[in-house]
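Visitor: Task: produce atomic coordinates for the following.
(chains A and B)
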Amino acid sequence: MDDFLIIKDGVFPILSSVIFLPLAGAMVLLLSSNENFAKYWTLLVTVVTALISLQLYFGFDPTTAKFQFAEHHAWITFQNLKINYTLGIDGISLLLVLMTTLLLPLCVLGSWRYIQTRVREFMICLLIMETSMIGVFVALDFVLFYILWEAMLIPMYLLIAIWGGPRKTYASIKFFLYTLAGSVLLLVAIIALYLQNESFSIPLMMGQAYSSNFQIFVFLAFFLAFAIKVPMFPFHTWLPAAHVEAPTAGSVILASVLLKMGTYGFLRFCLPITPEATITFMPYVLWLSVAGILYGGFTALAQSDMKKLIAYSSVGHMGFVTLGIFVLNKNGIEGAILQMINHGVTTGALFLCVGMIYERTHSRELADATGIGKLMPWYVTFLAFFSLSSLAFPGTNSFVGEFLILVGGFTKNKIVAGCAIPGAVLAAAYMLRMLQKVVWGGANNPAPHGQLLDLNLREIATLAPLLLFVFWIGLSPAPFMEVMHVSVAHLVDQVSNTVPVQAVTMAGLMLP
Amino acid sequence: MQIESAKLLYALLAPLIGALVVMRCSKHPDLREGVSFAASLTMFGLVMSMVPEVLAGNRLHLTIFQILPGLSVTLRADGFSMIFALVASFLWMLAVFYSMGYMRGLKEHAQTRFNACFALSLFGAIGVAFSDNLFTMYLFYEIVSVCTYPLVAHHQDDESYSGARKYIIYLTTTAKGLLLPAMILIYVLTGTLDFATNISTGIFPADANGALVTMLYIFCLLGFAKSGIMPLHNWLPSAMVAPTPVSALLHAVAVVKVGVFSTTRVMLYIFGVNTMDALNLGIPTAYFVSFTILTASIIALSKDNLKARLAYSTVSQLSYIILGVALLTPSGIEGGLIHIANHAFSKITLFFCAGAIYVATHKKNISEMGGLGKTMPFTFAAFAIASLSMIGAPPVAGFVTKWKLLTGAMELPSPHYIGILLVLLASTLLNVGYFAPVTYKAFFGKRPEGEVYEGVKEAPLAMLIPLMLAATISVIVGIYPDFMMSFVKLATKVVAG
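Guide: Next up is the predicted model:
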């Protein structure tokens, strides 16, 4: 295992503690039924988790592509079935873990007033979500990964089904079924890989010489599971429903973290384990990405519900991420990873912003929020910056990510990248349309219902850290980029040292 | 020689901080206008302080943010940037006074927002002037687009919203749809976005694919839609719904000048004269913008609304700048670049006059202004001087442009010089056609039936002084063009030598 893992004995197990601290926090909540305690306690637990996770950044060695902070223990040994508890992070997962831990306190703050019923249970769900989400990003054993991947579904289902809007049952079941359908195929792929390798170790599975047909089947199984999660067009229909009905924190987690698991899956599994198949399917995936970018953009332009608008914008933005991943060069993949973080920051912030309006007017309709700029100047200032970030305004985080992705894209295939450009224009169109409506409205704005107070300190504290990252990544992304260089270079090597599966086998596969 | 200088940053911060302070001063109008003026004065002072170093042949340089290798927010001041920086910062000072008179004279609402956005637009404009690479330019270009939206939509009625919507759609669509891919492809081809240090070489490697470079050139030419080249000029007349000081700012200082400055900067410092010559891009561009020059002038003839006529005049005049540069001859480039300054001084005078007339009489149409010259002699005298400049008559600023452009055209090989000369000649006649009647009617025309200009007198001094100053400067730079010309010569030195 030393080939892949850097295990230091006798050091504090940071990864295990960030995984299990939230779970332990959730256990404590079982003991008390005080709602205020639940809020403050959850905030405390998530903040402490975030602080511990920062150690991952400062202790990270950016000069190696191996998995760091690794932990490796035998877990289940049953006949020749060896399942291990293996954790570790590299330049691809580091930022995702940090984003997750840093977003969770903001989710708690964003739910402070929004969640009025069953506060304790809500907080428990959030904490369990945190455990499983971090676990997915750091697990290096496929069974452990799969368990955490599935475990995530339950609290997320509950978040939508209990605290959701009027169509919560429909949305939560749709979410559950879609994701589960993908997971089943993922399980098949995992078992197939186990039968080849006699091991569930993810690093061990990478770079093995699997037969072309095997790769194609495994890739397709992986692809369907992850494409649903991303979600890639045309597997996206669960997303708007889930977003619209989910409470603010649910939407934030869904958009910022859960969607990233799909693209993380591509990076961690598809590319290194089935490189030949990846190259074979690359053109199709690229065009699917472009379709998603354009479809998401056009659909977002037509929305009158702010949450739906942002949900469809996510389809477009994630299309850029998959585009970046599947151009299979350094710029594209680095851009994609950065854009995963950017999307988490920006879209998370936008959902928080919509939640703040919903708390005041009890409506997500754009028409009910027109012209509130005059009443809530601070609010619209934040909204303006996040909207600009979402449309990849130069100087903000998304610009850097989109720039890198398009540089990768134009290097690979000018036509594909050129077709994605209208998506960038559409992003400006739908975000500026929303911003214009909220800030200005028209000549005769309807009187706002309810009392519209500007942001309070808690709300400013929720949004300000995200704004900081918008400009930090936008103007000086070096601290975020340098941790991924070596890992991405390694990943590109893994893919490019193979030849694509013959077209002949492809043809044979397509025929019944 | 390249000198690292923090002055560039201070010159950027002056309007930015000014805008932030203005926002906090909404309860104190006098203090607010004082802050605006202080910011403009500071910016102008800082720009002036760079003059000696730049004239000595140095290039001021400052990297603020390094984003990726070859992608940074970097500022530079060279002869080329100084042309625009000096004009923008100087005219801002005049505009602060003028808008104070205009906005208070009409008791406009939201004057704080107006002042703050005005300062932010200048922040963007000066950023474009001082940008050292295409990315920095794109960044500030977009800042100008966003920050001028509230100015265009100022009246917040249906008309201004639809005008502002058209404005933002034209500008962001072209920037994102054309400039962004062009910028990325240039980065892919060359690994950098930094402007060259002279106007000849450009930044493309010698073996770059000519067809691709030509395509990029077309993207850039159309992508900076602020330059008002037809067919992407339509936002400009729609943006006329804005208060007149904004129109003045749009036309003379910030927006359209940002457009032509960016276009010409990219033509000369990304593509370069050699590449444009080699790919034969100059003459087609010249003919392409000639269409705009003539068509916009003809449309201007048909407009009775004074601001609309001025708007189409601007569309036409901006293309002079691009025409001059596209000739790729030393005099042509000089004529184009000097027109950035000349047009600014004269056009701001014209808009200031239009605003003064509106404040004094609430009249917008030329047909209603008969005989008004006797009531408002100073305003119309200034208008007359500035129109002479637009026409290109000596001794006003526009004459220098026309002279240089004509010389530049003569340097072209046959038969193109005849074509361009005809364009210049025809457009000059058209200029006379749409400007002369305004002045003539005002001084010698009859008052409209039943119209008594009761109680009408000249606009307030806060408006009158800036407009007369601007007119005076139009004359001064016509008689002594050397100061502005020295920066133009710095930029074109390599070609001339």
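Visitor: For the stretch 151-300 of chain B, list the residues in contact with chain A, please.
Guide: B:153, B:156-158, B:161, B:165, B:168-169, B:172-173, B:176-177, B:180-181, B:184-185, B:187-188 (CB under 8 Å from any CB of the partner chain). Heads up, the C-betas are built off the backbone N, CA and C, glycines and all.
Visitor: can you tell me which residues contact the residue most central in space within chain B?
Guide: In chain B, the residue lying closest to the centroid (CA atoms, centre = their mean) is residue B:257, at 2.3 Å. By CB atoms under 8 Å, 6 or more residues apart in numbering or on different chains, residue B:257 lies in contact with B:84, B:87-88, B:125, B:340, B:344.
Visitor: farthest-separated two in those?
Guide: Farthest pair in the contacts of residue B:257 (CB to CB) is B:125 and B:340. Separation: 11.9 Å.
Visitor: Among those two, which residue is more densely surrounded?
Guide: The neighbour count for residue B:125 versus residue B:340, taken as other CB atoms under 10 Å in any protein chain shown, is higher for residue B:125 (30 against 24).
Visitor: can I assume the more buried one is in contact with residue B:258?
Guide: Yes - with contact taken as CB atoms under 8 Å, residue B:125 and residue B:258 are classed as touching, separated by 5.5 Å.
Visitor: Overlap of the contact sets of those two?
Guide: Shared between the contact lists of residue B:125 and residue B:258 (criterion: CB under 8 Å, 6+ apart) are residues B:140, B:144.
Visitor: Enumerate the residues of the stretch 351-500 of chain A near chain B.
Guide: Residues of the stretch 351-500 of chain A found near chain B (CB under 8 Å from any CB) are A:388, A:393-395, A:400, A:403-404, A:406-407, A:410-411, A:414, A:417-418, A:421-422, A:424-425, A:427-429, A:432, A:436, A:440, A:442-443, A:474-478, A:481.
Visitor: So which of these belong to helices?
Guide: If you go by DSSP state H, these have A:388, A:400, A:403-404, A:406-407, A:410-411, A:414, A:417-418, A:421-422, A:424-425, A:427-429, A:432, A:436, A:474-475, A:478, A:481 in helices.
Visitor: State the number of residues packed around residue 271.
Guide: Unless you meant another one, I'm taking chain A. Neighbour number of residue A:271 under other CB under 10 Å is 25.
Visitor: looking at chain B here, not the other one
Guide: Using other CB under 10 Å, residue B:271 is surrounded by 27 other residues.
Visitor: Phi first, then psi, for the residue nearest to it when sequence neighbours are not counted.
Guide: In this structure, residue B:271 finds its nearest non-sequential neighbour in residue B:202, 4.8 Å apart by CB to CB, 6 or more residues apart in numbering or on different chains. Residue B:202 has phi and psi values of phi 70, psi -170 when expressed as degrees, to the nearest 10.
Visitor: got the contact list for residue B:202?
Guide: When contacts are counted by CB under 8 Å, 6+ apart, residue B:202 is found next to B:196, B:269-276.
Visitor: 6 Å - rerun?
Guide: When contacts are counted by CB atoms under 6 Å, 6 or more residues apart in numbering or on different chains, residue B:202 touches B:196, B:271-272, B:275.
Visitor: now these: which count as buried?
Guide: With burial judged by 16 or more other CB atoms under 10 Å in any protein chain shown, the buried subset of the contacts of residue B:202 is B:271-272, B:275.
Visitor: Out of the residues you listed, which comes closest to residue A:161?
Guide: Comparing every one of the buried ones among the contacts of residue B:202 with residue A:161 (CB to CB), the shortest separation belongs to residue B:271, at 59.2 Å.
Visitor: any weak-confidence spans in the chain?
Guide: All of this is about chain A. Within chain A, the stretches falling below the threshold (pLDDT under 70) are A:1-2, A:448-450, A:498-512.
Visitor: Switch to chain B, please.
Guide: When residues are selected by pLDDT under 70, those of chain B lie in B:251, B:450-455, B:494-497.
Visitor: excluding its backbone neighbours, what's nearest residue 287?
Guide: Picked chain A for this. Nearest residue to residue A:287, sequence neighbours excluded (CB to CB, 6+ apart): residue A:416, at 7.0 Å.
Visitor: Wait, chain B was what I had in mind.
Guide: Of all residues not flanking residue B:287 in the chain, residue B:419 sits nearest, at 7.0 Å (CB to CB, 6+ apart).
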